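Participant: how would this look folded up:
(chains A and B)
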Number of protein chains: 2
Amino acid sequence: MTASDFGFRLLARDSGTAARAGVLETPHGAVETPAFMPVGTQATVKAVTPGELHEIGVPMLLANAYHLYLRPGTETVMQAGGLHRFMAWDGPILTDSGGYQVFSLAGLVRVDDDGVTFRSHLDGSSHRFTPETVMEVQRALGADVVMPLDHCLPNPAEMQPARAAVDRTLRWLERSVHRLARMPVTPSRGTPPVGDGCMAGRAETVAGSQALFGIVQGGTHPDLRRESARATRAFDLPGTAIGGLAVGEPREVMYEMLEVVEPELDAHRPRYLMGVGFPGDLLQAVARGMDLFDCVAPTRHGRNGTLFTSEGRLNIRGAAHRRDHGPIDPACACRACASTSRAYLSHLFHARELLGLRLASYHNLAFLTGLMREARTAILRREFGGWAASLLDRERTAVS
Amino acid sequence: MTASDFGFRLLARDSGTAARAGVLETPHGAVETPAFMPVGTQATVKAVTPGELHEIGVPMLLANAYHLYLRPGTETVMQAGGLHRFMAWDGPILTDSGGYQVFSLAGLVRVDDDGVTFRSHLDGSSHRFTPETVMEVQRALGADVVMPLDHCLPNPAEMQPARAAVDRTLRWLERSVHRLARMPVTPSRGTPPVGDGCMAGRAETVAGSQALFGIVQGGTHPDLRRESARATRAFDLPGTAIGGLAVGEPREVMYEMLEVVEPELDAHRPRYLMGVGFPGDLLQAVARGMDLFDCVAPTRHGRNGTLFTSEGRLNIRGAAHRRDHGPIDPACACRACASTSRAYLSHLFHARELLGLRLASYHNLAFLTGLMREARTAILRREFGGWAASLLDRERTAVS
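Facilitator: Okay, here's the model as predicted:
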């Protein structure tokens, strides 16, 4: 990583909350924060094209190193010229390490201090990830931001295993930093080299300028969270992720953990809360100083017919929508809302038409992207607290 | 129908084949022929938006009255302001009567001279279509071109039942013409009235200007086909459809039937060959004087991973494509080919990603739309015969 093509500028802090507005510079463009990253696990945001993501204003995507390593395979993505070119997305990409996925393979995984051995969820074949190999895979993919292998436990976890996971995550982070620093600027295998011109004039910096974020763990134990945050901060990395939340604990506990961790983090580096993407949770987390988010919620819920709206969630399969010829969300300016009535979307879902999955995914992504854009405007005006409270109130009223 | 908003102008005939180039004027715009109509059975072309269809250059869609009558129901589409507005497609629409679908419900249908009684393929409920009710449903939907209820038999059919089906189709056509002529310009039920402004300045003409095409039947019996064509022509309708082909007979027999029927048809009215949509068949049918086509092939085959290309068909699931980083079809200028490699599309299909279904459907529709556009150019230059022969040769070579 070089200072010129990766960095974070803090532009404003809200008055009354810990919300922040900033800009994250990456080799594939700037990301205005707070920002929501749609999830493209398998090198595609489900049912949505890169062109549509640009149209929506999506600033950055997340993809998953574990999934891409297994299929289509790191080599194939390298041959394509890297992940950006393979999936035809020229904006910033963050790749998750796959630690979360590997540890979710209950019964299929064996952890030791050196790494994890696991069986593929696709064909049962045996594989091994170490902190080093995970860095190598992500270098080959060519993401702008890469994540270290970490040990993520479901909540609630007892103090002892939670502490062991924190310690292991820190030891693995050290090895990740070490491996990344010693990696050649261009990958040693495969032709053409990764990032050889996906976007003229800046893609050549991809391989040489990946930013590694540390990951804070610690379950729901305040002291452990603080300890993990401090130790992670000591690595002086370009950003910090908060992992191990939204994995079984009540919402309020998640918010409490953010309040515990936030004061321990460098104010001038971005904070990424992993796996959070419901509108209310995003506002609560922004109020607690978080800048980046990812979650499958908008696309997965969209495919189930659940739509985020300015008046709360609705399920389009409900009988009430069959003859409602009004828009999905009257307050939304996205292209799905401009052309589609609730009655039509209801018909598409009842008729099991693929267009329904597309329109619902598109709208939900546009809704969250717009929500983060509005949050940023409110922060820049130092009015985030009041603005967010009124939205949360409206959502609560609509849901009840 | 008024002469001003519906009509066909024959612009050119090829030298050496019966191919023709023309323009079909409809209340929702002009259709340059020959033209392929994508199928939007349930008020959506599967996996593709109206905006994408415009981008591809699709001139006209087909939807299905039988499916829409059952779901979401004629009333719901009327309340939306008609089918154009319901599905947000402002171009021309042809609705099929549903006769083909009803007669495909083996064991679930009872035919008498007055009409057909059938059970819904969705919930088993009992319904009755007569030539008159089918006109009423299509009037409520507000299509630009409507089709009469006809009796379609699978091929091969014996002479006796084939003749009975021709006679019934003609009697039903007479009743359809009669019913359409006596229908009020605006529908009698439902608010707002159908077609009350979907496209400013011309949608008001929809309800009052539907064009009814007759349907030629006759199985694979040349004399019966001729008889059916002559009797249908006597109705002096704005266009003629050729039904009961591509339903089990060999390709060569279909071509022969077209040669038998073509001389019997009015040269100054459009001819619509129903249910045909493979590239080679389209070229053969254009050479035999056909102007309009519809088929689920491009979208259905696309969803199965079969892609039409300038070098013949390919299945993207094949192992050869996994590491082929070239475009789907090097000769194609569509947006899917511009951004997507075969390796990426192969990955999307192997990973069962919805984006794969989208891209393959989009490309196949762009391919057929482009093929018809090129055919038209060749006809206008009186070079269609040679041009089509070279394409058919290339396809044969590539396939073998």
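Participant: so what sits opposite the residue most central in space within chain A in the bridge?
Facilitator: The C-alpha lying nearest the average C-alpha coordinate of chain A belongs to A:Asp294 (Cα atoms, centre = their mean; 2.6 Å). Taking DSSP bridges as the rule, A:Asp294 bridges to A:Met37.
Participant: how close does it sit to chain B?
Facilitator: Distance of A:Asp294 to chain B, given as Cβ to the nearest Cβ, to the nearest Å: 18 Å. All C-beta atoms are positioned from the backbone trio N, CA, C, and that covers glycine.
Participant: can you name the residues of chain A that neighbour chain B?
Facilitator: A:42-44, A:46-51, A:71-72, A:76, A:79-81, A:86-88, A:322-323, A:325, A:335, A:339-341, A:343-344, A:346-348, A:350-351, A:353-355, A:357-358 (Cβ under 8 Å from any Cβ of the partner chain).
Participant: mind checking which of the residues you listed are in helices?
Facilitator: A:50-51, A:76, A:79, A:86-87, A:335, A:339, A:343-344, A:346-348, A:350, A:354-355, A:357-358 (DSSP state H).
Participant: just the buried subset of these, please.
Facilitator: A:50, A:76, A:79, A:86-87, A:335, A:339, A:343-344, A:346-348, A:350, A:354-355, A:357-358 (16 or more other Cβ atoms under 10 Å in any protein chain shown).
Participant: in a helix, A:Phe213, correct?
Facilitator: No - A:Phe213: not assigned to a helix; according to DSSP: H, G, I helix; E, B strand; the rest coil it is strand.
Participant: neighbours of it, how many?
Facilitator: Other residues near A:Phe213 number 25, with proximity taken as other Cβ atoms under 10 Å in any protein chain shown.
Participant: show me the contacts for it.
Facilitator: A:Val145, A:Val146, A:Met147, A:Pro148, A:Leu237, A:Pro238, A:Gly239, A:Thr240, A:Ala241, A:Tyr272 (Cβ atoms under 8 Å, 6 or more residues apart in numbering or on different chains).
Participant: can you redo these as CSV with pLDDT?
Facilitator: Below are the contacts of A:Phe213 laid out as CSV (pLDDT from 0 to 100):
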residue, pLDDT
A:Val145, 98
A:Val146, 98
A:Met147, 98
A:Pro148, 98
A:Leu237, 97
A:Pro238, 97
A:Gly239, 98
A:Thr240, 98
A:Ala241, 98
A:Tyr272, 98
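Participant: which ones among those residues lie within strands?
Facilitator: A:Val145, A:Val146, A:Gly239, A:Thr240, A:Ala241, A:Tyr272 (DSSP state E).
Participant: mind checking pLDDT for A:Arg202?
Facilitator: Looking at A:Arg202, its pLDDT is 33.
Participant: could you list the low-pLDDT ranges of the stretch 1-150 of chain A?
Facilitator: A:1-4 (pLDDT under 70).
Participant: I'd say A:Phe367 and A:Gly312 touch.
Facilitator: No - the criterion here is Cβ atoms under 8 Å, and A:Phe367 misses it with A:Gly312 at 11.5 Å.
Participant: so between these two, which is more surrounded?
Facilitator: The neighbour count for A:Phe367 versus A:Gly312, taken as other Cβ under 10 Å, is higher for A:Phe367 (26 against 16).
Participant: which residues are in contact with that one?
Facilitator: So A:Phe367 contacts A:Pro279, A:Pro298, A:Leu307, A:Phe308, A:Thr309, A:Asp329, A:Cys332, A:Cys334 (Cβ under 8 Å, 6+ apart).
Participant: of the residues you listed, closest to chain B?
Facilitator: Taking Cβ to the nearest Cβ as the measure, chain B sits nearest to A:Cys334 out of these, at 12.8 Å.
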